[in-house]
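> next comes the sequence, and after it the predicted model I'd like to discuss.
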Amino acid sequence: MGEVMCSNKDNYDMYKSQVDREDSLVNSRFGWALTLQGFLFASLAVLAKSTDVVPEISSLLKMIVPKIGVASSLAVLATVIMSYRALWKLQEEWFQNYEGVIPSPFGNQKRNCSYLWNALSPNVLFPVILFIAWVIIEVRI
């Protein structure tokens, strides 16, 4: 079977498109996660201050809200890590096949330096911090 040959510009555009897509997915997931976490913390604060709520419902919600916080923090962390793994795979493939041939769609990063940088990014650290916060809240309630 014939192989389709791509020009260097086509290869660059393909990599750039995939990088942009993964970045967009990470940012979208992170934005939704922060929104959800904000609502969860706000609902817990309202529950803590409220005296009009039926005690059984209040205690049930105080038990459920932290669990939702823990689960959503872990889910976001997992999806962000999967996106970063896809980016790392793309980056490794680019370094093997196109380094020095076409410009890097990854910016001015050196090989393997993005692993630590991404691990320390807010997209990874915030879900970890929020997970820890929800676990502490769950233990204390």
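Here it is on my side, so go on. Residues are numbered from 1 along each chain as shown.
> please name the nearest non-neighbouring residue to the residue most central in space within the chain.
Among the residues of the chain, the one closest to the centroid is residue 80, at 2.9 Å (Cα atoms, centre = their mean). Spatial nearest neighbour of residue 80, excluding adjacent residues (Cβ to Cβ, 6 or more residues apart in numbering): residue 123 at 5.0 Å. (Glycine included, C-beta is placed from N, CA and C.)
> and for residue 127?
Distance criterion Cβ to Cβ, 6+ apart; nearest residue to residue 127, sequence neighbours excluded, is residue 77 at 3.9 Å.
> now do the contacts for residue 65.
Shown in contact with residue 65 (Cβ atoms under 8 Å, 6 or more residues apart in numbering): 40, 43, 44, 47.
> nearest to residue 96 among those?
The closest of these to residue 96 turns out to be residue 40 (Cβ to Cβ; 42.9 Å).
> what helix or strand is the closest one located in?
Element membership for residue 40 (DSSP states H and E) is helix 8-49.
> helix or strand right after that helix?
Sequence order places helix 55-97 as the next helix or strand after helix 8-49, per DSSP H and E.
> do you know the pLDDT at residue 136?
Residue 136 carries a pLDDT value of 96.
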